[in-house]
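Undergrad: Below are the sequence and a predicted model; questions follow.
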Amino acid sequence: MNSSQILLANFDSLVQKSLYEMLCRSGHKVGVANSREEAISLLDKKPYRVVLTDINGSDDIDLLKIIKERNVSSEIIVVASYGNIETAINSIKLGAFDYLVRPVKDEKILSAIDRALANNTPLKKPHSFLKQLSNKDDSYYGLIGTSPKLIEIFALIDRIANTSATVLLQGESGTGKRMIAHAIHKADKKRRHKSFIEVSCGALPRDLIESELYGHVKGAFTGALNDRKGRFDLANGGTILLDDIDSLPLDLQVKLLRVLQEREFERVGDQKTLKVDVRVIATTNQDIKKFVAEKKFREDLYYRINVISVNVPTLREVKEDLSLLTHHFISLYSKENHKKITGVAQETLQALINYNWPGNIRELENIIERAVILDTDSVIKTDDLPEIIRSENTFVPVEAGQNIIKDFATNLKEALKEPEKVHILRILKEVGWNKKKAAKRLGLNRTTLYNKLRKYSLVLDKNGK
């Protein structure tokens, strides 16, 4: 191992002594700072390629900021005290290269240092998302958009890409959480050439979830005729996406917690423990904190999956990206359907902008695909759009609009619910109460549609059943 300059900053004496001896044995040149002020003084005098520090409070967070401001060539690794997980999360957002939570094995610390040294250069490279966004399609590993909210997500992906941090993607259905998960995988130099495995927790039968995730051995249960690898096995070395993690049963959350903590598991019916190296990305379109409060989701698991939290914006929040997305989908489906469509009429684009997009990007994609297929010209026109979008762009006098809202509800919360309820009901009628088709038209998965049907007390078929 090549010797290099590493600074230990702000550890208690016992931890500092242990780290110092371990790093010296590994061939590193190590400096020591016993206080925030001493760390700043040492960093002002000479550059350190890697800084290892503990984070215990606001002063330590300030130290992190100062290190990043004064030493752009230093990579920071946080080795946090157990119980300071949330503060360690904030450190990643402030630019730390990686974080580890004590107790931690020496090998993990050395591995993190090796990765930090490999990433470190005397002059920092610009964020890779800037290079990615120089592409003509304004994409970042397949993500389309240049709005501030999207740029913020791109920058966060850049910072966490080469760590093993677990990521929780939170946002409405259809906002592109799966695409963001793919982008994280593609941005990870270590994992991008390995498997990306998706698991829809809400779609798996209750009695098969454990076998699907962890595999089983022959004879483990009726029908287990052969050994079978689980999704974690298949994702080893790469990334696993746990979609709709809020639907995972409580008893199975315990086993997942162990996998996240220890990176090991047993197949169903087997006693042999298997090790796994995988990044876990989870998604939810629910208020998972509310689930924790209601005892529907384990609090300890929530903190484990919420290491890095990404709030994925709705299409309503990033309408400045709507034109880019529209042209991207036009190009995509024109090629797929052998059509020569060059763009979208200005009034059509304005109609799309005026629409509320309850199904978000997935709904936009479905509508543009439909428009491309139906269009007989070289430009998408308003007539190519569904009636719901055309009708929402019809002028309504202010007084009439006020009366409609009054008819819908007496408070804002209920008033905002009613248009979505009416929209879902209209689509159900248009597709003959076929819930699979309705979900596709709405840009929702079927689980989300069923939840909304129950929420709004809508009938489930045309006979009211």
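TA: Looks like it arrived, so ask away. Residues are numbered from 1 along each chain as shown.
Undergrad: Scan the helices and strands of this structure for the one with the lowest mean pLDDT.
TA: helix 398-408 (a mean of 39; mean pLDDT, DSSP states H and E).
Undergrad: so Y99, which of the three states?
TA: Of the three states, Y99 takes strand according to DSSP: H, G, I helix; E, B strand; the rest coil.
Undergrad: what's around it, how many residues?
TA: 25 (other Cβ atoms under 10 Å). C-beta: built from backbone N, CA, C; applies to glycine.
Undergrad: Please look at G95 and V78 and confirm they touch.
TA: No. Here G95 does not reach V78: they are 10.7 Å apart, not a contact under Cβ atoms under 8 Å.
Undergrad: hey, what's in contact with both of these two?
TA: Residues within reach of G95 and of V78 at once, by Cβ atoms under 8 Å, 6 or more residues apart in numbering, are L64.
Undergrad: So between these two, which is more surrounded?
TA: Between G95 and V78, counting by other Cβ under 10 Å, V78 is the more crowded of the two (26 against 15).
Undergrad: Compute the distance between that one and L63, please.
TA: Separation of V78 from L63 (Cβ to Cβ, to the nearest Å): 11 Å.
Undergrad: Now for these two: what residues contact both?
TA: Jointly contacting V78 and L63 under the rule Cβ under 8 Å, 6+ apart are T53.
Undergrad: Low-confidence regions, the stretch 1-150 of the chain specifically.
TA: For the stretch 1-150 of the chain, the stretches with pLDDT under 70 are 1-4, 56-60, 68-73, 81-90, 92-93, 119-138.
Undergrad: ok now stretch 94-110, how far from the chain's centre?
TA: What separates the centre of stretch 94-110 from the centre of its chain is 22 Å, taken as Cα atoms, centre = their mean, to the nearest Å.
Undergrad: Can I get that stretch in CSV, CA atoms only?
TA: Written as CSV, here are the backbone C-alpha positions of stretch 94-110 (Å, rounded to 0.1, in the frame of the first residue of the first chain):
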residue,chain,number,x,y,z
LEU,A,94,-22.1,18.7,2.9
GLY,A,95,-19.5,16.9,0.8
ALA,A,96,-18.0,14.1,2.8
PHE,A,97,-16.7,11.3,0.6
ASP,A,98,-18.0,8.5,2.8
TYR,A,99,-19.2,7.8,6.3
LEU,A,100,-18.8,4.8,8.6
VAL,A,101,-20.6,4.2,11.9
ARG,A,102,-18.7,2.7,14.8
PRO,A,103,-18.1,0.0,15.7
VAL,A,104,-16.5,-0.7,12.3
LYS,A,105,-13.9,-3.2,11.2
ASP,A,106,-10.4,-2.0,10.2
GLU,A,107,-10.8,-3.5,6.7
LYS,A,108,-13.8,-1.2,6.1
ILE,A,109,-11.9,1.9,7.1
LEU,A,110,-8.9,0.9,4.9
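Undergrad: Check which residues of that stretch are buried.
TA: Buried residues in stretch 94-110, defined by neighbour count with 16 or more other Cβ atoms under 10 Å: 94, 96-101, 109.
Undergrad: Just the strands from the stretch 351-465 of the chain, written as ranges.
TA: 379-380 (DSSP state E, counting those that start in this stretch).
Undergrad: I meant to write the stretch 151-300 of the chain there.
TA: Ranges of strands in the stretch 151-300 of the chain, per DSSP E, counting those that start in this stretch, are 167-170, 196-200, 215-216, 228-229, 239-243, 264-266, 273-275, 279-284.
Undergrad: which ones are touching the residue nearest the centre of the chain?
TA: For the chain, L169 is the residue whose C-alpha lies nearest the centre (Cα atoms, centre = their mean; 3.1 Å). Contacts for L169 (Cβ under 8 Å, 6+ apart) come out as 177, 180-181, 281-284, 310, 312.
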